[in-house]
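*Asks:* sequence and predicted structure are below.
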Amino acid sequence: MSNLLRGVNLYLIGMMGVGKTTVGRLLAQELGYGFIDTDDVIVKAAGKSINDIFTDEGEAAFRQLESDVLAQVCAYTKLTIATGGGIVLRQENWSYLHHGLIVWLDCSVETIFHRLLEDTTRPLLQDSNPESKLRSLLEQRQPLYSQADLHITITQEQTPEQIVASILAAIPSVLKTQDVQHQN
Ligand SMILES: Nc1ncnc2c1ncn2[C@@H]1O[C@H](COP(=O)(O)OP(=O)(O)O)[C@@H](O)[C@H]1O
Ligand SMILES: O=C(O)C1=C[C@@H](OP(=O)(O)O)[C@@H](O)[C@H](O)C1
Ligand SMILES: [Mg+2]
């Protein structure tokens, strides 16, 4: 598979809680790729948590850091990159994402809600009604996520290993399409 990919980066996009960080790390191992999580890079560079960045500097400052990190990361090859769920919001980020293959991990709001019920690390979910917040975020973002090269639908029971397997199985079909497009 890594031969087929020829070092092209994989960018995982999708809603918070869908498993981009968890699956991305495994996928990188499977491919012999490096792994980067844009949120981790931001936290290390800022020296504070995502929650503190949102509280102290606001979401717009966080989005700028996110774009800066993405711009730096896409200069490298042989990486699997787990992005933050809101990376799709800025048009400029798409020009960076399109340097690689963009994989949308998609699962139901119910699954995400149950996974993140006890989680306090997602500032956008610190809301009086997190489930409805998730629904409205998904409604806003779905048309953006759907611009990905690959759409992987995940069920509640699927393990990270099974999700990696379904991504690996789906990759050749998009690479083929891209080769055909390049020939035309
Ligand atoms: N396939 C899965 N099955 C069960 N739990 C999962 C799965 N993928 C991720 N999780 C759990 O869901 C939570 C969110 O996962 P994470 O990888 O941080 O998602 P994201 O990076 O998309 O926000 C974590 O607690 C993680 O352990
Ligand atoms: O959806 C979002 O806007 C966000 C998702 C988070 O990352 P994950 O998608 O990895 O949870 C993180 O970047 C931040 O809390 C904002
Ligand atoms: Mg993550």
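*Replies:* All right, it came through fine. Numbers count the residues shown, from 1 in each chain. Ligands and ions are numbered 1, 2, ... in the order given.

*Asks:* what's the mean pLDDT across stretch 38-55?
*Replies:* For stretch 38-55, mean pLDDT is 97.

*Asks:* does it come close to ligand 2?
*Replies:* Yes: part of stretch 38-55 sits near ligand 2 under the criterion Cβ under 6 Å from any ligand atom, namely Asp39, Ile50. Quick note: C-beta positions are derived from backbone N, CA and C, even for glycine.

*Asks:* who touches that stretch?
*Replies:* The contact list for stretch 38-55, computed with Cβ atoms under 8 Å, 6 or more residues apart in numbering, reads 21, 56, 61-62, 65-66, 69-70, 73, 81-84, 87, 120-124, 126.

*Asks:* please list which of these are also close to ligand 3.
*Replies:* Thr21 (Cβ under 5 Å from the ion).

*Asks:* just the buried residues out of the contacts of stretch 38-55, in ChimeraX syntax.
*Replies:* Entered in ChimeraX, the line below selects the buried ones among the contacts of stretch 38-55, by 16 or more other Cβ atoms under 10 Å:
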select :21,62,65,66,69,70,73,81,82,83,84,87,122,123
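
*Asks:* next step: the contacts of stretch 38-55 restricted to helices.
*Replies:* Applying DSSP state H to the contacts of stretch 38-55, the entries found in helices are Thr21, Asp56, Ala61, Phe62, Leu65, Glu66, Val69, Leu70, Val73.

*Asks:* much appreciated, bye for now.
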